[in-house]
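> A predicted structure for the sequence below; I have some questions about it.
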Amino acid sequence: MLTLTPADGGFARLVEGIALHEPQVEETREALDLALAEHGVLIFRRQALSEAELAEAASWFGALELIVREDWASKYQPEITYISNMRSPGGDTIGGIGQGELAWHSDQSYMTHPATGSLLYCVESRAGQAPTSWANLEAAYAALDDATKARIDGRRGVFSYAVRVAGYGEIDKLAEAEIRRRTPDVTHPLVHTHPVTGRKALYLDPGTMAGIEGMDAEEGRALLDRLIAHATEPRFVYRHHWQVGDTVLWDNGFLLHKRDDFDPAQNRWLKRATFRPSPARHIVPGHA
């Protein structure tokens, strides 16, 4: 029997009574999908998953997405991404860990149709190493004053892959122009209404947003900075301390996330599956 309890008293839910490697009936999958829609972050402890089983579990919630970084993808299950600082016996990297993960972000926000579902499985990590945090943008929106809500409702943010890449290090003008040609800027509403709960949520990505459409650059940047500072206040954040076997399911449609830094001499290996949830049950930016 499924049970859901608050994790550390916050919005995330600890799910018990299920082994993700086992096939589940439609009723159970539906219950989990609705719980994801309601809470945004679901945590499953003490799981033991093959890559095929991880991919299958993620597929309960939507169509699987292949990663753009093929060098980080599993050679055995292409829908699985390796997030790791470890190397093979031959000295080759087995995945990658981006420095952008240290800052608050939302996966694929720079895309017209982002895949917003993620399932992350901990294979190896020192207990408590490099916690991952999630910020709830529904709760953050609800706590805004009425004047700010009125100011941002109907506005669209500009999301730029070039801005994201520039944040990782210096790029020259030629490289920036090529990036913009290949991945042009997109816009998404700053506020979405959840199709299941009816709650409104901010949609932000601090390291990717270039401004607010139709607003003066300086004014737009100041407003975004204020919204981001508000949305990432500790009262809206759940911080997860990893243990081997932990599997965390979350919805990028109304959450930001980041991880803490850690000693590179310590091994870390997580496997991630990305999926496209149903817009009938989840906030999916870019869905018409």
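Looks like it came in fine.
> okay, CA-based contacts and neighbour counts for the rest of this
Will do.
> buried ones in stretch 132-145?
For stretch 132-145, burial by neighbour count (16 or more other C-alpha atoms under 10 Å) applies to 132-141.
> please apply the same query to stretch 208-220.
Neighbour-count burial for stretch 208-220 flags 208-213, 220 (criterion: 16+ other C-alpha under 10 Å).
> on that earlier part again, could you dump the buried residues of stretch 132-145 into TSV with pLDDT, distance to Phe159 and secondary structure added?
Formatted as TSV, the buried residues of stretch 132-145 follow (pLDDT from 0 to 100; distance: C-alpha to C-alpha, whole Å; DSSP: H, G, I helix; E, B strand; the rest coil):
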residue	pLDDT	distance to Phe159	secondary structure
Thr132	96	23	strand
Ser133	97	22	strand
Trp134	98	20	strand
Ala135	98	19	strand
Asn136	98	19	strand
Leu137	98	17	helix
Glu138	98	20	helix
Ala139	98	22	helix
Ala140	98	20	helix
Tyr141	98	19	helix
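> let me know the closest of those to Glu53.
Closest approach between the buried residues of stretch 132-145 and Glu53, by C-alpha to C-alpha: Thr132, at 23.0 Å.
> quick one: that closest one and Arg259 touch, right?
Yes. The criterion here is C-alpha atoms under 8 Å, and Thr132 meets it with Arg259 at 4.1 Å.
> and the gap between Trp72 and Thr232?
29 Å (C-alpha to C-alpha, to the nearest Å).
> show the end-to-end separation of stretch 201-212, please.
Distance between the two ends of stretch 201-212: 17 Å, counting by C-alpha to C-alpha.
> so that it lines up with my notes, have the first residue be 39 from now on.
Sounds good: first residue 39 from here, last item stretch 239-250.
> out of the buried residues of stretch 170-183, which is nearest to Asp284?
Looking across the buried residues of stretch 170-183 and measuring by C-alpha to C-alpha, the closest to Asp284 is Thr170, at 11.9 Å.
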